[in-house]
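Asks: curious how this folds, go ahead:
(one chain, ligands or ions: 2)
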Amino acid sequence: MRNLVVVLGDQLDEASAAFDGFDPAQDRVWMCEAPSEATYVWSHKTRIAIFLSAMRHFRDVLTARGWTVDYHATGTHPHATLADALAESIAARKPKGVVVVEPGEWRLARDLERVCAEAQRPLEVRIDRHFITTVAEFTAWMGARKQPRMEHFYRAVRSRTGVLMDADGQPEGGEWNYDHDNREAFGKNGPGFVPKPARFLPDALTAEVLAMVAERYADHPGELQHFDWPVTRADALIALEDFIAHRLGPFGPFEDAVWDTEPLLYHSRLSAAMNLKLLNPREVIDAAIAAYHAKQAPIASVEGFVRQIIGWREYVRGLYWWHMPQYLDDNALDAQQDLPKLYWTGDTEMNCLKHVVRDTLAHGYAHHIQRLMITGLFALLFGVKPKAVHAWYLAVYVDAVEWVEVPNTIGMSQFADGGLMGSKPYIASGKYIDKMTNYCKGCRFDPAVSTGPKACPFTTLYWDFLDRHRERFAGHPRLVMQVRNLERLKPDAVAAIRREAEGLRRTLV
Ligand code: FAD
Ligand code: SF4
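Replies: Ligands and ions are numbered 1, 2, ... in the order given. Sure, this is the predicted structure:
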């Protein structure tokens, strides 16, 4: 046997570099459902199911090509970890070499290197062509930058690739960024009619996986009964078409909006399909740009959407590889609290958290602002250990893979990297949540109150956060006003906030 071609669960790309030169007469594909991948963080049942179902569908695509796939399904092999299963396969098959595309996790990349070194087999790691910017290109762009910023990276990528650029090398529509046209909130009557996304009800293969997950991972968080995610490339393409036709138009203006009864709003719901590599980011942005050229979507929405993909998505991947393995140990604000139990149940009187956690447990999905402004913000203000916050986000979302989850959680939402990902911590009181959402209308707390029985925990913890970190942020140009506002509070008011925050920390964990 020549090559054992390893395909990981988030590498389901039919055009993958792993298959370059694949010769079915001398090569074999190797795939494995390793239980530890579902348990090393306490994974949501839907997250486990989407990976396993998509893997099994992909196995069948390769098999239909006439290729041999060594597929190690759950329960058919004795190994807990991918590394152990691979070591045994190498020993049994004795391939001349092992081929893999760059894994999406530092840990797995090191495991594969170790297993191949121990088995004395060369490991060929091929570039992941799915991404528009390679790790090497990102590293070169970083150079000696101390304060990298996504916007600079994004403009450089657009100039390099010509995406949304006109013939004179200027941004299409005349501007790089249309955020000033976006950021709309709904009036008090809410969004009105929001088109529902295409749903993909389980076929026989998915139904089998759902039954297996329900039984084997019965004690894991989350529900399975709403499972409607695309798990094949054909369905992912339908999901893309559905988004472009029905939600891309209003995507931009309402990108940051939140409404309690509409957990998806105009978001694409394409992250899982992209992260599994069922969809290529180029085809996703091409479809959005074609809608702009056909006058089916405004430039503000199309540019905003393209920026999420060739900007944020690629940027966080670059930062992940640039800053690992340090990222997982970052804790710039020395946060030491455990994660409140409500993150696993949604049982809380805080209406905003209740909605976001319950939607998350039901679907394995919450949109970006819910992740940042509600669950992320609360963990930051509460002072939860960044590693515990990371373990939650990696566990509960269908799109969660470390390369994208870590910089968003540890960097963007928890500021634990000390400013690598964002220039300041994303902090706000309940009053901001009240302005941007309708959650507070149905809440027993008052977002303007920081102590006493009606006190909103976000507002209490916001002042407490500023108090705990006032020295660090007093000189920060973008936080100085907030620290000054704190300094206007009377000492007994600050003492009462501290007591109230301590009470929350005692009762919520
Ligand atoms: P849309 O709003 O429709 O956006 C379009 C696409 O842009 C997304 O599908 C995604 O591929 C990309 N995108 C948008 N924002 C980001 C971002 N900040 N970083 C990377 N890509 C982005 N995204 C993940 O894919 N996996 C994660 O594990 C993940 N964890 C997150 C954790 C936290 C704390 C936060 C604040 C954000 C996280 N994100 C993660 C980013 C973002 O929330 C999701 O990509 C988005 O909500 C997915 O839903 P959508 O496909 O409907 O996105
Ligand atoms: Fe959330 Fe506070 Fe608003 Fe209640 S009042 S929904 S806890 S921000």
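Asks: okay, CA-based contacts and neighbour counts for the rest of this
Replies: Noted.
Asks: starting at the chain centroid, how far to stretch 398-410?
Replies: The chain centre lies 4 Å from the centre of stretch 398-410; the measure is Cα atoms, centre = their mean, to the nearest Å.
Asks: what's it in contact with?
Replies: For stretch 398-410, the external contacting residues (Cα atoms under 8 Å, 6 or more residues apart in numbering) are 46-47, 50, 104-105, 271-273, 275-276, 313, 316-317, 319-321, 327-328, 330, 364-365, 376, 386-387, 389-390, 393-394, 416-417, 421.
Asks: start and end of it, how far apart?
Replies: Start to finish, the residues bounding stretch 398-410 are 18 Å apart (Cα to Cα, to the nearest Å).
Asks: do it and ligand 1 meet at all?
Replies: Yes. Using Cα under 6 Å from any ligand atom, stretch 398-410 comes into contact with ligand 1 via 399-401, 404-405, 408-409.
Asks: do a quick rundown of the strands in this protein.
Replies: Applying DSSP state E to the chain gives strands spanning 3-6, 28-32, 69-72, 97-101, 123-126.
Asks: adjacent strands (with direction) for the last one?
Replies: Based on DSSP bridges, the pairing partners of strand 123-126 within the sheet are strand 97-101 (parallel).
Asks: chain center to the strand it pairs with: distance?
Replies: Distance, stretch centre to chain centre, for strand 97-101: 27 Å (Cα atoms, centre = their mean).
Asks: same check, this time on stretch 75-82
Replies: Distance of stretch 75-82 from its chain centroid, counting by Cα atoms, centre = their mean, is 27 Å.
Asks: neighbours of the closest residue to ligand 2 within the stretch 1-150 of the chain, how many?
Replies: As assessed by Cα to the nearest ligand atom, ligand 2 sits closest to His44 within the stretch 1-150 of the chain, at 24.0 Å. Neighbour count for His44, taken as other Cα atoms under 10 Å: 30.
Asks: so it sits against Ala218, correct?
Replies: No. Contact criterion Cα atoms under 8 Å: His44 and Ala218 do not qualify, at 10.2 Å.
Asks: ok, now which ones touch the residue in the stretch 1-150 of the chain positioned nearest to ligand 1?
Replies: Going by Cα to the nearest ligand atom, ligand 1 is nearest to Met150 of the stretch 1-150 of the chain, at 10.3 Å. Residues counted as contacts of Met150 (Cα under 8 Å, 6+ apart) are 311-312, 315.
Asks: which ones among the residues you listed lie within helices?
Replies: Those of these mapping onto helices are Tyr315, per DSSP state H.
Asks: which residues of the stretch 301-450 of the chain lie near ligand 2?
Replies: Residues of the stretch 301-450 of the chain lying close to ligand 2 by Cα under 6 Å from any ligand atom are 350-352, 430, 433-434, 439-440, 443, 445-447.
Asks: need the buried ones from the residues you listed selected in ChimeraX.
Replies: Buried residues within those, by 16 or more other Cα atoms under 10 Å, are selected in ChimeraX with:
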select :350,351,352,430,433,434,439,440,445,446,447
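Asks: take the residues of the stretch 301-450 of the chain next to ligand 2 and lay them out in a markdown table including distance to ligand 1 and pLDDT.
Replies: Converted to a markdown table, those look like this (distance: Cα to the nearest ligand atom, whole Å; pLDDT from 0 to 100):
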| residue | distance to ligand 1 | pLDDT |
| --- | --- | --- |
| Met350 | 19 | 98 |
| Asn351 | 19 | 98 |
| Cys352 | 15 | 98 |
| Gly430 | 18 | 98 |
| Ile433 | 15 | 96 |
| Asp434 | 19 | 95 |
| Tyr439 | 18 | 97 |
| Cys440 | 21 | 97 |
| Cys443 | 23 | 98 |
| Phe445 | 24 | 98 |
| Asp446 | 25 | 98 |
| Pro447 | 22 | 98 |
